[in-house]
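Peer 1: Predicted structure and sequence below. I'll ask about it afterward.
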Amino acid sequence: MKLICTLCGQMSTDGNLWCEQTDCPAGNIPVVLDYGEFLGDIKVLRLLRLFRTAAVYEAERDEQMILLKVAHVGHEEELKAESLLLARLSKASQPNLPVLLPSYRQGNLRDHSYGKAVFRNETKYYEVFQHITGEFLRDMLMQNPQPWYQHTAWIMTGIAQGLTYLYKHEGGLHLNICPDVVMIHEDENKTPIPVLLDLGLILKPQNVTPQVQGLALRHIMPAYVAPELLERNATIGEAADVYGLGILFHEMLSGAPAYAYRLRADEEIRAQVKRSSIARPERRDIPQASKVQELVESATHRSPASRPQSVVEFGKQMTQIFGAIPPP
């Protein structure tokens, strides 16, 4: 068991955690499981990713490799909503969404889309996904900040397809699209397939009230937040997720995040997002480079009305420029 700050990554094994962030959520630092520890009958093998709302582990149950997602204290409702949505979608196959498994060994998705178990006198809520062999997009970009443009296009198109599927099947706005929530694995042809291991906030546009908006900002990575989410009484719609796609696309093309985030306070980053515009990526090695630059520029426009108005439209423009994703 460790304690890890979700803002700056500071780690402690003895509970004495000092954080350099002035807005550190003191008292809410999540417990992170170590190798060999058990949550119910699930054995943790290693931590894969730490979100602001949950942690994702590689784990084992009955000698079967799985992915385990455990909610941090205070974020149980987000995990429940995500698991219930995935359970409703379980009859259809969508390669860009995780495959939800029953939370208990002798359970079913209808009754056990999420589970709970006691760990160190604390009730933990969790969900179980089918195992994927891959790496998170953030880790991939740390090794290779500028992937081959065709791989970049297929990754972005796949994420757009996953979001489109969620919208069509009772999902809501994601609002937290960033490299941390996307895992990349390859099919037989070595084509990268993105999987959204976090479905975001799942908020219907009509439910994004100013109060909800304020709470949502605590969960969203500030370097990837749509500018309208920082304005009071702004209308929030699907264009906010188009911005998320656009700023991620920009990062993969340019080789660096549009807004630096490491060792910076959330409020400092949000202030920069509110007052700054994103420069066009300069990539001359891409076919139809001018169209790519126009798409990135429109998708990351400060005004939602100037962006493609849907994730579907963004995906269509990607396909028109780069072609469809090769079938497996």
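Peer 2: All right, it came through fine.

Peer 1: mind listing the helices for the protein?
Peer 2: In the chain, the helices defined using DSSP state H lie at 76-88, 137-143, 149-168, 210-217, 239-254, 266-275, 289-299, 311-322.

Peer 1: and residue 126, which of those helices is closest to it?
Peer 2: Ranking those by proximity to residue 126 (Cβ to Cβ) places helix 76-88 first, at 7.3 Å. C-beta coordinates here come from the backbone N, C-alpha and C atoms, glycine included.

Peer 1: Go through the helices of the chain and find the least confident stretch.
Peer 2: Mean pLDDT is lowest for helix 210-217 among those, at a mean of 81.

Peer 1: That one: how far from the chain's middle?
Peer 2: Between the centre of helix 210-217 and the centre of its chain there are 18 Å (Cα atoms, centre = their mean, to the nearest Å).

Peer 1: what comes up buried for that helix?
Peer 2: For helix 210-217, a neighbour-count test (16 or more other Cβ atoms under 10 Å) marks 213, 216 as buried.

Peer 1: could you give the angle of it to helix 266-275?
Peer 2: Taking axes from the mean of the first three to the mean of the last three Cα atoms, to 10 degrees, one finds helix 210-217 and helix 266-275 inclined to each other by 120 degrees.

Peer 1: Extract the C-alpha trace of helix 210-217 and format it as PDB.
Peer 2: The C-alpha trace of helix 210-217 is given here as PDB (Å, rounded to 0.1, in the frame of the first residue of the first chain):
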ATOM      1  CA  PRO A 210     -22.700  26.000 -13.000                       C
ATOM      2  CA  GLN A 211     -22.600  24.000  -9.800                       C
ATOM      3  CA  VAL A 212     -21.900  20.800 -11.700                       C
ATOM      4  CA  GLN A 213     -19.400  22.600 -13.800                       C
ATOM      5  CA  GLY A 214     -17.400  23.700 -10.800                       C
ATOM      6  CA  LEU A 215     -17.300  20.100  -9.400                       C
ATOM      7  CA  ALA A 216     -16.300  18.800 -12.900                       C
ATOM      8  CA  LEU A 217     -13.200  21.000 -13.100                       C
END
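
Peer 1: Quick check: which ranges of the chain have low pLDDT?
Peer 2: Residue ranges of the chain with pLDDT under 70: 1-29.

Peer 1: Strands of that one, start to end?
Peer 2: 2-4, 11-12, 31-32, 38-39, 42-50, 54-61, 64-71, 100-101, 115-119, 122-130, 135-136, 182-186, 192-196 (DSSP state E).
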